[in-house]
Structures are given as C-alpha cells and as structure tokens.
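Q: heads up, no residue letters with this:
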C-alpha cells in the first residue's frame, strides 16, 4: 500500500494535536492579556482621569470642590474648564470660573475660548459667577470691562446694578458721569448712594452723602434685607436732589452714556442653561417632579425654618404665585434635613446634648423634621408647594449652601436667575416678569 493510501486520522480526533492547539490559543490570549495589562498600567492615570471627568460632568449634584479637583487633575486643564462650563450646570460653572481665576493668578495665558467664556460669565444667570468674572476681568485689564460693567446698570436686580457700579468706578469722568447720572432716580437707595459717591469722586462736588454713614453694617437679622441706617434714606434723597441740579447745569459738558452698550460686540455668547428634571417628596409624602410644572415660570426658594428672612420671603412669594394666574409656580425647598456644620438638624441641638459630650448628638428623624417644617408652613400661612430635600440632592445641584438661595427657571426649563440673599417683593416681581418673556440673545 502506498503512503497516500494510508487512512489519515482527522485532526479533531488526534489528542496530541488538540493539546497543541489549546496551548497555542492560550499563548495568544496570554500575550493579549499581558499587552492589555501593560497598556492599562502605562495609561492608568489618563484612563482614571477620563473616567473621573466623565462621571463628574454627568453628575447633577457634585460639590464645587469635586469639579475643581477634576479640572486640576485633567491633562488639558483649559479643555476641562470649557467642558465643565459647557454643561450649563450651576456647580460646574462655578468651579470653571474659579479655575479660570487660578490660571490668571499664576499668569497663565488665556485662550480665545477662555476669554470668550470670561466675558460671557459677566452675564451668567448665577450672580456669584458674575461677581467672580468681573474680578478676573479687572485683574486681566480686559478692554471689554467698561462695556460689560455699563450693561449691568440696566438689570432689574439692584445687587447687579451695584456690581456694575463697583467697576464703573474705573471709568474716566468723561464716560462715567453721563453713564451713571440716570441712576440718580433709581428705585434702590443703595444704588443712589453709590452713584452719589462716584459723582463726588469724579466731579469734586459735595452732595452731602457718605456711604460709611448710611450703609448697613449687615443684613437685617429678621428681614434678611440690606436697608440703609436710620436717616440714610432721607439723606440720600436730599443728596440726589442736589446732584440732579448740578447735572442739569453741566450736562452739556459730557458725552453720551454707555447704557446702550452691546455685549455681543465684545464676543459675548450666551448659551441657555437647561435644568434637568428632579424629584423630591412634598410635605404629604408624595413625590413632586420639576417637570410637573413645565410651561410655567418656576421659582425655587431654598430655605429653613431657622432662617427668619427665608420664611418671610417665602410668605411674599406665596402672594406672587396667587397673582400669577396659573403661569407661575413657587416651590419652597426645605433644607431643614441637611445637617448644619455641627451635625444638627433643624438648626437646633437635640435635647440633652452638650458640647462636652463625647458621643455624637442624637439626630432628629426625617419624620420629626418634616413635621417641624409642616408646622412652620401652616403657622406662617405659606400656601405654595414645599419640598423636603432629605439628602441635599436638589440643593446640591443649585449650590444652595447659603440661605436663602433663589433660582428662577423659565417656562422652557432654562435658568434665568440664581442668587443668594433676600430681595424685596417688587424686585422679585420684576425678575419673574422678565423670566416670562422670551430670552434675549446678546
């Protein structure tokens, strides 16, 4: 018989060949595994940072420090700043503008994108971001500072107008005087007092008003409002009358005002910041969603029962909702269940706890806190939706650590305002009316 006529055993039935093939496959898999492990080890920091950045950017309620740490760990810090800013989220933008400030502090050059971000931040819905943006613009000696500061003087919030005046002071008298003179008729005595102070500086005239004599030392403990000292309002009015007389006599000596400055000419791009839906339990235990109020202007008021000014403002806002004709929703978000710096709930120590105790204070239960909030709401006559933010998930996404914090969202779900501190009722009504109008594109 010839060799080719000898029956050949199929490979699949040859035990030796099967073993050899398994060994070969295992060697290939082992080689790939070693290569993957080596790649993971070599690029472990980059991979970790990528995962961290993705997680932080997707998170709706991180802390500001978490976002800052993510940006500082990124291999491309400016790109990470832009990514955080472009999320449109309150916390992320607050961290992003802080990181821009850090770059400027260490004399790092800003890219064209970061310069545009900085100028746009001067119109951010979050007043804290605006304030930081102007500090950086001033430090950078940005040529747009004059125009951007003048634009703030048209805002319906007196605190924003005061912010603008803080930087208008760097104008030349020829530009500054005609820009601020119209504010002698401002509805806010604090704004008028600041205008008088600047006019005295530029014109060397005396109008009889000194900020140190009339400015409030602090917010009112009960009202939470910044009112002038006793007699300050009448002094301011008299000073404004004298200044108007002077202005009528010297108006022809000055050029036009900058109140019509166009932010778009300075490269400002305002992208709407949408609010993601959230849920929280109401006082009756039923879950309430932000999306339940779609099509309405929504005002979120973050408060606690131990903040008198917060509760007083919530009472005012209840009246606003009643006049809103169904187009406005006021939502009071109670942070009573969020521990204070001492670990206490509801703003008070648990019964029987003393500072010298070595043990942790006994915490009030969520139900006890809820009952306390419900009593405060009933006793004060508040008649709007009140939510319990048990784990600071709602407050966290709006950076609502300082009380009161107010957030205004328009009917399309975009943030129009975010600020700390109380505002008088006419100012709140003006903000709500503004939010009911279509967004202006600057």
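A: That came through fine. In this text, all values refer to a predicted model and were calculated from it rather than measured experimentally.
Q: Helices of the stretch 101-250 of the chain, start to end?
A: For the stretch 101-250 of the chain, helices defined by DSSP state H, counting those that start in this stretch occupy the ranges 112-121, 127-140, 145-152, 158-168, 173-180, 189-203, 211-214, 232-250.
Q: of all those helices, which lies closest to residue 74?
A: helix 112-121 (14.1 Å; C-beta to C-beta). For glycine as for every other residue, the C-beta is placed from the backbone atoms N, C-alpha and C.
Q: what's the angle between the closest one and helix 127-140?
A: With axes from the mean of the first three to the mean of the last three C-alpha atoms, to 10 degrees defining the directions, helix 112-121 sits at 130 degrees from helix 127-140.
Q: buried ones in helix 112-121?
A: Within helix 112-121, the residues that count as buried by 16 or more other C-beta atoms under 10 Å are 114, 115, 116, 117, 118, 119, 120, 121.
Q: can you list the domains in this structure?
A: Per automatic domain parsing, the domain ranges recorded for the chain read 39-142, 145-266, 279-348+365-435.
Q: any chance of those domains in a markdown table, plus distance to residue 30 and mean pLDDT?
A: Formatted as a markdown table, these follow (distance: least, C-beta to C-beta, whole Å; pLDDT from 0 to 100):
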| stretch | distance to residue 30 | mean pLDDT |
| --- | --- | --- |
| domain 39-142 | 15 | 89 |
| domain 145-266 | 61 | 86 |
| domain 279-348+365-435 | 46 | 91 |
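Q: Quick check: which of those domains is nearest to residue 272?
A: The nearest among the domains of the chain, by C-beta to C-beta, is domain 279-348+365-435 at 4.3 Å.
Q: what about that closest one, how long is it end to end?
A: Using C-alpha to C-alpha, to the nearest Å, one end of domain 279-348+365-435 lies 22 Å from the other.
Q: Now find how far off-centre it is within its chain.
A: 16 Å (C-alpha atoms, centre = their mean, to the nearest Å).
Q: ok, now which ones touch the residue nearest to residue 331 when sequence neighbours are not counted?
A: Nearest residue to residue 331 in three dimensions, chain neighbours excluded: residue 385, at 4.8 Å (C-beta to C-beta, 6 or more residues apart in numbering). Applying C-beta atoms under 8 Å, 6 or more residues apart in numbering to residue 385 gives the contacts 282, 288, 329, 330, 331, 332.
Q: so the fourth one bridges to which residues?
A: I take that to be residue 330. In this entry, residue 330 is beta-bridged to residue 299, by DSSP bridges.
Q: Just list the residues touching it, thanks.
A: 299, 301, 314, 317, 318, 320, 321, 384, 385.
Q: one more time with 10 Å
A: Residues near residue 330 by C-beta atoms under 10 Å, 6 or more residues apart in numbering: 293, 297-301, 314, 316-322, 324, 382-386, 428, 432.
Q: Can you list which of those residues are found in helices?
A: 314, 316, 317, 318, 319, 320, 321, 322, 428, 432 (DSSP state H).
Q: out of those, which one sits closest to residue 241?
A: The closest of these, once distances to residue 241 are taken by C-beta to C-beta, is residue 428, at 28.9 Å.
Q: wait, isn't the closest one in contact with residue 320?
A: Yes. With contacts counted by C-beta atoms under 10 Å, residue 428 reaches residue 320, the gap being 6.5 Å.
Q: And these two? Which one has more around it.
A: The neighbour comparison of residue 428 against residue 320 (other C-beta atoms under 10 Å) goes to residue 428, with 23 against 16.
Q: and the more buried one, what is it in contact with?
A: 156-157, 299, 301, 313, 316-317, 320, 330, 406, 408, 417, 422.
Q: ok, of those residues, which come out buried?
A: Buried among the contacts of residue 428 (16+ other C-beta under 10 Å): 156-157, 299, 301, 313, 316-317, 320, 330, 406, 408, 417, 422.
Q: how about stretch 388-400: buried residues?
A: 388, 389, 390, 392, 394, 395, 396, 397, 398, 399, 400.
Q: ok, the fifth one - contacts?
A: Residues near residue 394 by C-beta under 10 Å, 6+ apart: 60-61, 278-280, 290, 300, 302, 331, 333, 335, 387-388, 400, 407.
Q: Among the residues you listed, which ones are in strands?
A: Members of the contacts of residue 394 lying in strands (criterion: DSSP state E): 279, 280, 300, 302, 331, 333, 387, 388, 407.
Q: My guess is residue 293 contacts residue 328. True?
A: Yes. The criterion here is C-beta under 10 Å, and residue 293 meets it with residue 328 at 9.3 Å.
Q: These two: who's more crowded?
A: residue 328 (22 against 18).
Q: what's the more buried one sitting at in phi/psi?
A: phi -130, psi 140 (degrees, to the nearest 10).
Q: Over to the one 10 residues further on?
A: Listed backbone geometry of residue 338 is phi -90, psi 120, with angles given as degrees, to the nearest 10.
Q: All further residue positions should be reported with the first residue as 34.
A: With the count now opening at 34, the last piece we talked about shows up as residue 371.
Q: Find the nearest non-adjacent residue to it, please.
A: Per C-beta to C-beta, 6+ apart, closest to residue 371 is residue 425, 4.8 Å.
Q: who touches that neighbour in this structure?
A: 94, 96, 335, 368, 370, 371, 372, 433, 434.
Q: and what of residue 352?
A: Going by C-beta under 10 Å, 6+ apart, the list of residues near residue 352 reads 363, 414, 416, 417, 458, 462.
Q: now the fifth one: how far from residue 360?
A: The reference is to residue 458. 18 Å (C-beta to C-beta, to the nearest Å).
Q: now swap in the second one and tell me
A: Between residue 414 and residue 360 the distance is 22 Å, computed by C-beta to C-beta.
Q: between these two, who's got more neighbours?
A: Set residue 414 next to residue 360 and count neighbours by other C-beta under 10 Å: residue 360 wins out with 12 against 9.
Q: burial measure for the closest residue to that one other than its chain neighbours, as a count.
A: Spatial nearest neighbour of residue 360, excluding adjacent residues (C-beta to C-beta, 6+ apart): residue 329 at 5.8 Å. Neighbours of residue 329 under the rule other C-beta under 10 Å: 17.
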